[in-house]
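[1] dropping a prediction and its sequence here:
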Amino acid sequence: MLQNSSKKIDLKCTSCGTITPYSQLLSECPNCGAKILQAEYNLDLLSQSDWQQQISTREANLWRYRELLPVLDPKNIVSLGEGYTPLTRARRLGEKMGLKNLYLKDERQGPTGSFKDRQASVAISVMKERGIKELVLASTGNVAIAYSAYAARAGIKLWVFFPKLVPAEKIREAAVCGAEIIKIDGTYDEAKAAAADFAQSKNLFLDAGIKTFAGVESMKTMAFEIAEQLQWQSPDWYFQGVSGGMGPIGVAKGFEELAAIGLADLVPAIGLIQSAGCAPMVNAFKNRQPKATPVENPQTAIATLATGNPGRAYELLYDILQENGGAMEVATDEEAYEMTRLLATTEGISVEPATAVTFAGLMKLARSGWIEPDEVVVVNCSGHTYPVEEKIISNW
């Protein structure tokens, strides 16, 4: 049986490949200065163990996969029971799309209602282990809500910078848990810049999303759960609406690790959907460009998807799709609102527009022949319609 004392973690630079033993929270590669580092584990040790059997006896949350998560001492885990959300077959919606095996990974059932609970749990646990008492981040809503809950549980002070498009209800929900709120009269990219300046001026830890390696590690757990729920098989496709791109990068990494251990057969093709009013990744991908041109002025009311500059994240996703297959598509705000209604009236599942965008783009790809009718398709289904249901209904 594996013991926690046997866990060894290295940090690998995604740009130059330099490997550094994990002993502190690095903000950049010590060799080239690149900002995105990814954790590596002793997968050979896991492949030779009874890890699959151990997992089956553990509690149904994401920490059942703790050997592949970056917390060394389980005493530092900050949890609200996140993870192991249902994988539900969507037969009626699948029929309308021409898909026989459409599944919803129902992330709405996390503690704060979105898949960002995974990120918050792992990231806050890492911060607790490293003795961080105060942190700063920028958010369009769901990240702030999740982090405010987990930071409160860990006794960590949280500062959140919000762009102007975020609904007031989401801001208030973060404030309820004690987060210090700073609203920026600008875009999400401007909020991120303001948060970084504030953290530097106050000498505080900045959670920079994909640039903070714990976030990508947390998203792997969706891959682990999907594979386990499919009897240790990979789906043919994994779909998600994207802004910064952390989720699918983590999911792909999770399937890669499972394949290396012998618990999955492949990395699924990745389907990425963006709002038509802010689609730097899709625009670049359709033009076969490995680097994205930033969108300076996003034209979408869906704040969660209004990241104009995906930076290095798109480059990583481009490589992932080149290696494993996949597609990118856009959907308009109006198509997302209509899809919200269709999903609710066919499957009884009410989602926020950022998820509805995913289904709208998936329908386009399915009807155009990108996806075979018998292929297994899993969609990240995150976020309830509240607090934006009034805007959705007004567009019906």
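    Good, I have the coordinates. Residues are numbered from 1 along each chain as shown.
[2] what helix or strand does the residue sitting nearest the centre point of the chain sit in?
    Centroid-nearest residue in the chain, with C-alpha atoms, centre = their mean: residue 247, separated by 2.7 Å. Using DSSP states H and E, residue 247 sits in helix 246-261.
[3] and the contacts of that helix?
    38, 41, 43, 46-47, 51, 68, 115, 119, 209-210, 215-224, 227, 234, 238, 240, 242, 264-268, 270, 272, 313, 316-317, 320, 324, 380 (C-beta atoms under 8 Å, 6 or more residues apart in numbering). C-beta coordinates here come from the backbone N, C-alpha and C atoms, glycine included.
[4] now a PyMOL select for only the buried ones of these.
    To isolate the buried members of the contacts of helix 246-261 in PyMOL, using 16 or more other C-beta atoms under 10 Å:
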select buried, resi 38+41+43+46+51+68+115+119+209+210+215+216+217+218+219+220+221+222+223+224+227+234+238+240+242+264+267+268+270+272+313+316+317+320+324+380
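[5] which residues in the stretch 1-150 of the chain form strands?
    For the stretch 1-150 of the chain, the strands defined by DSSP state E, counting those that start in this stretch cover 10-13, 19-21, 37-40, 87-89, 101-106, 134-138.
[6] so what's residue 180 up against?
    157-160.
[7] determine which two of these are furthest apart.
    Farthest pair in these (C-beta to C-beta) is 157 and 160. Separation: 11.0 Å.
[8] more neighbours: the two, which one.
    Neighbours per residue (other C-beta atoms under 10 Å) separate residue 157 from residue 160, with residue 160 holding more: 27 against 15.
[9] what are the phi and psi angles of that one?
    Phi and psi for residue 160, reported as degrees, to the nearest 10, are phi -120, psi 130.
[10] which residues sit in contact with it?
    136-139, 144, 147-148, 174, 179-182 are the contacts of residue 160 under C-beta under 8 Å, 6+ apart.
[11] sorry, back to before: in strands, which of the contacts of helix 246-261 appear?
    38, 238, 240, 270, 272, 380 (DSSP state E).
[12] export these as a markdown table, with columns for pLDDT and distance to residue 62.
    Listed next are those as a markdown table, based on pLDDT from 0 to 100; distance: C-beta to C-beta, whole Å:
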| residue | pLDDT | distance to residue 62 |
| --- | --- | --- |
| 38 | 93 | 18 |
| 238 | 98 | 17 |
| 240 | 97 | 17 |
| 270 | 98 | 20 |
| 272 | 98 | 23 |
| 380 | 97 | 14 |
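[13] just the residues you listed now: which is nearest residue 351?
    Using C-beta to C-beta, these come closest to residue 351 at residue 380, 10.2 Å.
[14] residues in contact with the closest one?
    Residue 380 makes contacts with 105, 107, 115, 222, 238-241, 247, 355, 358, as judged by C-beta under 8 Å, 6+ apart.
[15] any stretches of the stretch 1-150 of the chain with poor pLDDT?
    Residue ranges of the stretch 1-150 of the chain with pLDDT under 70: 1-6.
[16] one more time with 50, if that's ok
    Residue ranges of the stretch 1-150 of the chain with pLDDT under 50: 1-5.
[17] ok, now the stretch 251-396 of the chain?
    Applying pLDDT under 50 to the stretch 251-396 of the chain flags residues 389, 392-393.
[18] can you give me the helices for it?
    280-286, 312-324, 333-347, 353-367, 389-394 (DSSP state H, counting those that start in this stretch).
[19] could you do the stretch 51-200 of the chain as well?
    51-56, 91-97, 116-129, 142-154, 168-176, 188-202.
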